[in-house]
Structures are given as structure tokens and as C-alpha cells.
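>>> No sequence on hand, only this structure:
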Ligand code: AHR
């Protein structure tokens with residue numbers, strides 16, 4: 001195949017930081033995410049702490065998950081926290097009406113979630129119930145979690161084995177309240193937010209970062225209304241949700257593992273749409289908050305395909321191909337490049353659900369291509385953002401085109417510069433000549449994720465088919481860096 005060429009200029013000292021919280025994850029009571037994912041049967045022959053599966057925990061610890069959002073999703077607005085505390089045998093059962101209509105036995109509740117976060121070394125991000133819960137219920141949950149007073153609710157926490165406050169900080173005030181969270185209008189939700197947030201109190205050593213339930217994709221009116229009606233001191237962030245649907249249609253979304261180049265192209269086009277969404281939501285926020293005090297929080301993103309054939313459609317179990325890795329790399333580059341406003345994001349949904357990092361089957365576990373992107377990109381967490389100017393060749397399929405290459409760069413605390421690059425073109429390698437301003441370096445090394453076919457996946461029979469490898473396609477050329485990216489690849493370079 002003929003090679004394409006492009007160029008990048010990377011320059012230092014923007015004064016901005018890529019928040020580690022852009023690399024957050026989401027775990028809902030949905031399908032096999034919590035139950036049979038993190039929280040398994042006592043008899044399963046794997047290493048566990050209580051019922052928490054430790055091979056999954058160890059794998060996730062390696063990629064340094066900064067935060068974990070729970071218990072939903074749509075589930076959050078039908079979840080009543082008191083059902084999930086105290087002796088497991090006494091906990092009431094409910095039907096998970098959003099996801100498969102299965103029985104939820106509440107054996108995984110507040111204490112179990114926070115134990116999991118402790119094991120992962122991650123910050124909890126809890127979404128409270130606005131849709132079907134009361135202001136008092138949310139307020140008491142926060143008191144239960146964070147207060148050290150002598151109130152009755154705090155005594156119950158102590159009786160349940162946690163004398164010290166948990167000190168939860170990230171707090172979602174509802175989820176998708178324009179839809180499954182109560183079908184509210186933006187005006188009505190803004191007023192509700194003000195009520196719920198008023199009683200979501202700070203306790204000593206635990207001040208809340210409250211996050212308003214945000215827009216569905218391009219619902220700009222939602223963001224505008226919230227920014228106008230909610231005092232900015234009352235919210236740390238406003239969220240936004242966007243899923244990449246291969247076909248662009250919620251009915252028939254497209255297969256996770258079997259797709260043509262044309263379908264792949266359309267999927268990537270839909271993935272790149274998140275750049276436009278983030279830019280336009282940020283522009284609205286800039287109008288009301290020019291100092292960028294309120295964060296844009298993309299707390300659900302990822303590819304959503306048809307479920308794996310033969311699985312419960314309400315469980316949203318899907319395989320994860322090299323295409324998913326390119327989506328993850330591209331999306332994280334976009335978030336890095338918008339780190340002045342986007343301060344937090346959560347991929348949906350960690351284990352066995354949607355664009356998962358880990359899949360499990362009985363005692364087996366595999367790491368998906370998406371997992372490896374988070375592994376490669378963890379170097380950007382809390383690193384200084386470097387400005388990037390990119391001149392990319394086009395990737396053209398059947399007369400349609402999009403930029404073949406996307407990239408982002410940062411400098412870590414030790415002074416090492418990392419540049420992450422994605423080549424979306426399935427077949428053509430791209431050679432990029434890179435100019436580095438204000439950056440001293442003498443050596444370059446790198447890591448690559450690619451595979452023979454874009455549809456390649458890791459399976460329980462062949463869990464190591466797609467894996468990270470050393471990358472030797474970058475070289476110093478005088479002051480410049482020259483990089484040749486193979487087709488359908490993600491590369492992270494380290495310069496020091
Ligand atoms: O992630 C699956 C679902 O997608 C979540 O429960 C909901 O918030 C969104 O619509």
C-alpha cells in the first residue's frame with residue numbers, strides 16, 4: 001500500500017493539566033457487570049476477598065483507574081440505598097426493571113462498593129436517586145457515608161462495621177433525568193437539582209463535588225438551561241453522555257465482531273462526533289462560566305453494538321475488537337485535547353457490559369483491546385498537557401473521508417514527554433514528521449497495539465491474540481521526530 005504523510009507540531013507549557021479523572025470507569029447493576037463480574041458466587045474457584053473477584057481487581061489496578069461510577073446509569077434512579085446495607089440475608093429483593101427484569105438481591109451495596117474501590121485504589125463516584133427517591137433519602141445517604149456525628153444514621157453505619165466516615169467526594173445528582181431518570185424537562189430538572197443539591201451537604205474532611213445529570217449527546221438546550229439556572233457554586237460539574245453506535249441507529253446497532261470496511265468507517269465517523277459535542281457543549285459553558293470553574297463530565301461513553309448472539313439482550317454483553325481500541329484511543333485523545341473543560345469521563349462499563357475492559361466466563365478472565373489502550377494512555381494521567389497541531393492525511397472509503405490520524409501529548413512529573421497517535425486507516429501506513437518546540441529529548445521508545453484484522457478479538461480460547469508490543473517505528477531525524485504508524489494502530493511514544 002502507498003504511504004501517506006502528515007505532520008505534527010508539539011509545543012510545551014500550556015499551563016493545563018490532563019486530569020487523571022478523564023480515565024474513569026463506570027459499573028452499573030446491569031447484566032454481568034457487578035454480579036458475576038466483580039461480585040461472584042462464593043463457590044467460584046478464583047482468588048476472592050469476600051465475594052470480590054481479585055483477578056479482575058489486580059488487572060484493573062495495573063491501569064490505575066482513578067474513579068469508579070456506581071450504581072448506575074438508569075439503575076441509579078430506581079436504587080434505594082437502605083436496601084443495600086446491613087446483613088445480606090435481611091436485604092430486600094427488587095426487580096431490575098431497566099436491565100433484563102432480573103431479581104436484584106442487594107447483596108452488593110454501599111459497603112461492598114466502597115470495599116471494591118478501596119481494593120482498586122480508586123475514588124468512588126456515586127450517582128444518587130433523583131427520579132424515584134426523595135431529597136431526604138439522598139441527604140441521609142451522604143450523611144451515612146461522610147458524617148462522624150452521633151446521629152442515628154451514622155450509628156447504623158458504625159453498627160454495619162464502618163466506624164470512620166467513608167469520605168466520598170464525587171456525587172451525581174441523578175442520571176439521564178431527561179430519560180430513564182424521570183423524563184424531566186431541562187427547566188424542571190434544574191429546579192430539582194437546586195433542591196437535592198441544597199441538602200447534599202459537606203461534612204468535615206468530605207466536601208462534595210456535585211455533578212448535574214447532563215445532556216443526551218447534542219441536546220445543547222439541556223446544558224444551556226442548567227448553566228443558566230443552577231448557581232455555579234452549587235455544582236462541580238455538568239455531565240454529558242454519548243455512545244458510538246456503528247449504524248447510528250438504536251434499533252439495529254451493528255455487530256461487535258463482524259463488519260465491513262464501510263461499516264467500520266461509519267463507526268469511526270460516529271466516534272469522532274464526540275469532538276464536535278465536547279466543543280459545542282464547552283462553548284455554551286464558556287458563555288456562562290468563562291473561567292471554566294464548572295467541569296464538563298462525560299460520564300458515559302463508548303461503543304454500543306448489538307449484544308453477543310445467544311446472550312440476554314438486557315445484559316448488554318458485547319465482544320471487543322481492535323475497532324474498540326481505536327475508538328478508545330481516539331476518544332481519549334479528544335478528551336486530552338479538551339482538558340481545559342473536560343475534567344472527568346467514565347467509559348461504559350468496565351466488566352462484561354458494553355465497551356468493557358475485562359470479560360469473564362466462570363473462572364476465566366480476558367483483557368480486551370480497550371484495556372490495553374487504558375494501559376498505554378495511563379502516562380497522561382495528571383500530566384502537563386502539550387499543545388498539538390496536526391496535519392493529517394485523509395482516510396477515504398467509497399468517496400467519504402475523515403482524518404486518518406489523531407493525537408495528543410503530555411509531559412509527566414519526571415519530564416518525560418508522551419505522544420499518543422491513532423491511525424484509523426485500515427491499510428495505509430502514515431508517516432508523520434514531528435516538530436517539537438521547547439522539548440529537550442534525545443531518545444524515543446514506544447508501545448503499539450494493532451492486529452492483522454480490524455475484527456480481531458481476544459477470546460477465552462485465545463486471550464492473548466491482541467496485546468501490546470514494543471514499537472520501533474519512530475526515529476530521531478535531526479531535531480525532528482519521524483514516526484511511521486502502521487494501518488489500524490494505536491501508538492504511545494515516550495521521549496526523554
Ligand atoms: O450504560 C447503559 C445505560 O446507558 C445507562 O444505564 C444509561 O445511563 C444510558 O442510557
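Nice, thanks for sending it over. These numbers were taken from a predicted model, which means no experiment stands behind them.
>>> C-alpha from now on. contacts and neighbour counts both.
Fine.
>>> helices or strands next to the helix or strand encompassing residue 359 in the packing?
Residue 359 belongs to strand 358-361 when elements are defined using DSSP states H and E. With contacts taken as 3 or more CA pairs under 8 Å, 6 or more residues apart in numbering; DSSP states H and E, strand 358-361 sits against strand 364-367.
>>> rerun at 10 Å
helix 54-62, strand 364-367, helix 369-377 (3 or more CA pairs under 10 Å, 6 or more residues apart in numbering; DSSP states H and E).
>>> buried sites along the shortest one?
Burial within strand 364-367, assessed by neighbour count using 16 or more other CA atoms under 10 Å, is assigned to 365, 366, 367.
>>> who does that strand pair up with?
Looking at strand 364-367 with DSSP bridges, its partner strands are strand 358-361 (antiparallel).
>>> What's the nearest residue in this protein when you look at the ligand?
At 3.2 Å from the ligand, residue 73 is the closest residue in the chain, using CA to the nearest ligand atom.
>>> Hmm, that residue is touching residue 28, no?
Yes: the pair residue 73 / residue 28 is scored as a contact, 6.1 Å apart, by CA atoms under 10 Å.
>>> Now list whatever residues contact both of those two.
Jointly contacting residue 73 and residue 28 under the rule CA atoms under 10 Å, 6 or more residues apart in numbering are 348, 349.
>>> For the longest helix along the chain, which residues meet the burial criterion?
If you go by DSSP state H, the chain has its longest helix at helix 261-288. Judged by neighbour count using 16+ other CA under 10 Å, the buried positions of helix 261-288 are 264-275, 277-278, 281-282, 284-286.
>>> What of stretch 401-414?
Buried, per 16+ other CA under 10 Å, within stretch 401-414: 402, 403, 404, 405, 406, 407, 408, 409, 410, 411, 412.
>>> Just the ones of these in strands?
Within these, residues falling in strands by DSSP state E are 402, 403, 405, 406, 407, 408, 409, 410, 411.
>>> Tell me the spatial nearest neighbour of the fourth one, not counting adjacent residues.
With sequence-adjacent residues excluded and distances taken as CA to CA, 6 or more residues apart in numbering, residue 406 is closest to residue 422, at 5.4 Å.
>>> what's across from that neighbour in the sheet?
In beta-bridge terms (that is, DSSP bridges), residue 422 pairs with residue 406, residue 490.
>>> Check the one 10 residues further on too.
In this structure, residue 432 has beta-bridge partners residue 6, residue 483, where bridges are defined by DSSP bridges.
>>> if I pick it, what's in contact with it?
Contact analysis of residue 432 by CA under 10 Å, 6+ apart lists 4-8, 390-393, 405, 421, 474, 481-485.
>>> any idea how far it lies from residue 9?
Relative to residue 9, residue 432 is positioned 10 Å away (CA to CA, to the nearest Å).
>>> Kindly report the same for residue 229.
Applying CA to CA to residue 229 and residue 9 gives a distance of 41 Å.
>>> Now stretch 118-133: buried residues?
Buried, per 16+ other CA under 10 Å, within stretch 118-133: 120-131, 133.
>>> Could I get these in TSV, plus columns for pLDDT?
Shown next, in TSV, are the buried residues of stretch 118-133 (pLDDT from 0 to 100):
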residue	pLDDT
120	98
121	98
122	98
123	98
124	98
125	98
126	98
127	98
128	98
129	98
130	98
131	98
133	98
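>>> From the chain's centroid, how far away is the helix or strand hosting residue 435?
Residue 435 belongs to strand 430-437 when assigned by DSSP H and E. Centre-to-centre, strand 430-437 and its host chain are 29 Å apart (CA atoms, centre = their mean, to the nearest Å).
>>> next structured bit after it?
Per DSSP H and E, the first helix or strand lying C-terminal to strand 430-437 is strand 444-449.
>>> quick check, nearest of the ones in strands among the buried residues of stretch 401-414 to residue 342?
Residue 342 lies nearest to residue 408 out of these, by CA to CA, at 14.3 Å.
>>> distance of that closest one from residue 339?
11 Å.
>>> list the residues that contact both of those two?
Counting by CA under 10 Å, 6+ apart, the residues touching both residue 408 and residue 339 are 333, 385.
>>> which regions of this structure sit below the pLDDT cut-off?
1-2 (pLDDT under 70).
>>> can you list the residues of the stretch 1-150 of the chain near the ligand?
Within reach of the ligand by CA under 6 Å from any ligand atom, the stretch 1-150 of the chain has these residues: 72, 73, 74.
>>> got the contact list for the first one?
Residues touching residue 72, when contacts are defined by CA under 10 Å, 6+ apart, comprise 26-30, 78-79, 126-129, 172, 174-176.
>>> what do you get if the cut-off is 6 Å, keeping everything else the same?
Applying CA atoms under 6 Å, 6 or more residues apart in numbering to residue 72 gives the contacts residue 28.
>>> same thing with the second one?
Under the criterion of CA under 6 Å, 6+ apart, the contact list for residue 73 reads residue 175.
>>> For the stretch 151-300 of the chain, just list every one of the helices.
Remark: helices assigned in the stretch 151-300 of the chain by DSSP state H, counting those that start in this stretch are 152-159, 186-198, 220-229, 261-288.
>>> what's the spacing between the third one and its chain's center?
Taking the mean C-alpha point of helix 220-229 and that of its whole chain, the gap between them comes to 23 Å (CA atoms, centre = their mean).
>>> do the longest one as well
From the chain centre to the centre of helix 261-288 is a distance of 16 Å (CA atoms, centre = their mean).
>>> helices or strands up against that helix?
Contacts defined by 3 or more CA pairs under 6 Å, 6 or more residues apart in numbering; DSSP states H and E place helix 261-288 against no helix or strand at all.
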